[in-house]
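> Provided below for reference: sequence and predicted model.
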Amino acid sequence: YQIWRSGQGVAAAFSAETRDAVAAAFRACWRDVEVKTFSERPDECSTTPYSWLSALTGILVESETPGWVSKLSDDEVRQATRISMVEINGLAEFVEQLIEVKPTPVKAVLGDELEAQWAMCSKIQHLPLLQYLANGSLYLKQLLLERVIALILEWSEPADISVDASSLTRYHFSELLRIV
């Protein structure tokens, strides 16, 4: 996914026609692949199927076309947003384009995933979306600010959890505060 960059390597190694065929294949695959978010696969969160990486590449290829987001349906934007979370070092770079043109479906997907991950805060050390938000762009933080504030206002540390769980919960709560 990260080496695609307009298919220059494929064109240099093979031909422009091969690059175009590979790009078309990648673009075709992302709409139908079933991608599970982190919260939907807590026991499998350290694995990434190749089909998801191909889907991620497909959206990257498609995002090279000017005005690509405006041609997407809301369902396709939701799918692209889910796929953007496959990137292991933050959200995929195209998510900013999705937010700019069609923020509502992006906000719904990311907001629901943030809440689902937050529900795991006393059990899991690394909540990726929370971390992406805490270190993300102001644009991304503004998109989910209402959801973050709601989580902060609703928060109360459960009394019946272990010291380790309490420590995790406090750490994740501090990450929420960094967002605002």
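Ah, there it is.

> what about the protein, any weak spots by pLDDT?
For the chain, applying pLDDT under 70 flags the ranges 1-13, 158, 160.

> Just want the most central residue of it.
Among the residues of the chain, the smallest C-alpha distance to the mean C-alpha position (C-alpha atoms, centre = their mean) belongs to Met85, namely 2.3 Å.

> and it, what is it in contact with?
With contact set as C-beta atoms under 8 Å, 6 or more residues apart in numbering, Met85 has these partners: Val35, Thr37, Phe38, Leu91, Ala92, Glu113, Pro128, Leu129. C-beta here means a position set from N, CA and C on the backbone, and glycine is covered the same way.

> Next: Leu140.
In this structure, Leu140 makes contact with Leu91, Val95, Glu96, Ile99, Tyr132, Leu133, judged by C-beta under 8 Å, 6+ apart.

> and which of the residues you listed is nearest Leu145?
Distance from Leu145 was checked for each of the contacts of Leu140 by C-beta to C-beta. The minimum falls on Leu133, at 9.6 Å.

> do you know how far Glu96 is from Leu143?
Between Glu96 and Leu143 the distance is 10 Å, computed by C-beta to C-beta, to the nearest Å.
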